[in-house]
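Asker: the following comprises the amino acid sequence and a computationally predicted model.
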Amino acid sequence: MTVGEKIAKIRTFRGITQKELGLQMGFNGVTAQTRMTHYETNYRVPKEDGLKKLAELLNVHPINFGIGVAYDSDEYHMQHYFWLEEFSDRFDLLPYETDLAYNKDPDKLITTATISRNQLTEFDDGKMTLAPFGIVLKVDRKFATQLRKWQEKKRQLKKGELTREHYFEWKLQWPKGDDVNLATGKSRLDVILENSIKTVSEQ
């Protein structure tokens, strides 16, 4: 989950080329694509000002590139989980609440865990699928609130109430809200998706 990988993922999602984004960054026609290739392959790492400009051009929250987020903050951890979900085929991240009795003894922690059948089946079309291993997070109420919001988005995605594009957009804009504009009936994410930059010529 390097900065370069994130830039490439978001750029592709926005439907623009390396050269187009490079030109928007202010690089000349000869070096525009080369500079973006260097960024996306981590040969070069943009400075903070460059990352802020990339976030603005790609229309994403700057914390996706580590701007304005403190290490070990709630925002830092949520972004880590979001991007781990995007880039890893080995992990299926499923936030849910449990009546697990927290105990520092790992053996006791595992044996006292009880997970409701509904929590497991609602993400798997009614089929009971137990993960061979999991990680339990002991979090405060503030962080639990953020995890519940994520849980709800994943539930909506699974039920088809949210498209994959809207789900990814929600993560790119987090922690901003996605409230619906009562006048237009559109959410902020709808507007962002509709207005996403496609080509430099459209700017």
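Answerer: Nice, thanks for sending it over. Residues are numbered from 1 along each chain as shown.
Asker: so where's the longest helix in this protein?
Answerer: Longest helix in the chain, counting residues (DSSP state H): helix 141-158.
Asker: kindly export stretch 73-84 (C-alpha atoms) in PDB.
Answerer: Only the C-alpha atoms of stretch 73-84 are listed here, as PDB (Å, rounded to 0.1, in the frame of the first residue of the first chain):
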ATOM      1  CA  SER A  73      -4.900   8.100  15.200                       C
ATOM      2  CA  ASP A  74      -8.400   6.700  14.300                       C
ATOM      3  CA  GLU A  75      -8.000   8.200  10.900                       C
ATOM      4  CA  TYR A  76      -4.600   6.600  10.300                       C
ATOM      5  CA  HIS A  77      -6.000   3.100  11.200                       C
ATOM      6  CA  MET A  78      -9.200   3.400   9.200                       C
ATOM      7  CA  GLN A  79      -7.200   4.400   6.100                       C
ATOM      8  CA  HIS A  80      -4.900   1.500   6.700                       C
ATOM      9  CA  TYR A  81      -7.800  -0.900   6.800                       C
ATOM     10  CA  PHE A  82      -9.500   0.700   3.700                       C
ATOM     11  CA  TRP A  83      -6.400   0.300   1.600                       C
ATOM     12  CA  LEU A  84      -5.500  -3.100   2.900                       C
END
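Asker: which parts of it are buried?
Answerer: Asp74, His77, Met78, Gln79, Tyr81, Phe82, Trp83 (16 or more other Cβ atoms under 10 Å). Where you see a C-beta, it was placed from the backbone N, CA and C, and this is true even at glycine.
Asker: closest one to Thr31 out of those residues, please.
Answerer: Minimum distance to Thr31 across those is 28.1 Å, recorded for Trp83 (Cβ to Cβ).
Asker: looking at the buried residues of stretch 73-84, spot the one nearest Lys9.
Answerer: Nearest to Lys9 among the buried residues of stretch 73-84, with distances taken as Cβ to Cβ, is Trp83, at 8.6 Å.
Asker: hang on, the closest one in a helix?
Answerer: Yes. If the criterion is DSSP: H, G, I helix; E, B strand; the rest coil, then Trp83 is within a helix.
Asker: mind listing what the nearest residue to it once chain neighbours are set aside touches?
Answerer: Nearest residue to Trp83, sequence neighbours excluded (Cβ to Cβ, 6 or more residues apart in numbering): Met1, at 4.4 Å. Met1 is in contact with His80, Trp83, Leu84, Glu86, Phe87, counting by Cβ atoms under 8 Å, 6 or more residues apart in numbering.
Asker: the residues you listed into a markdown table, with extra columns for distance to Leu157 and pLDDT?
Answerer: Shown next, in a markdown table, are the contacts of Met1 (distance: Cβ to Cβ, whole Å; pLDDT from 0 to 100):
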| residue | distance to Leu157 | pLDDT |
| --- | --- | --- |
| His80 | 19 | 89 |
| Trp83 | 17 | 92 |
| Leu84 | 16 | 88 |
| Glu86 | 13 | 89 |
| Phe87 | 17 | 84 |
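Asker: for Arg148, state which of the residues you listed is nearest.
Answerer: His80 (17.8 Å).
Asker: give me the element the closest one is part of.
Answerer: Assessed by DSSP states H and E, His80 sits inside helix 74-87.
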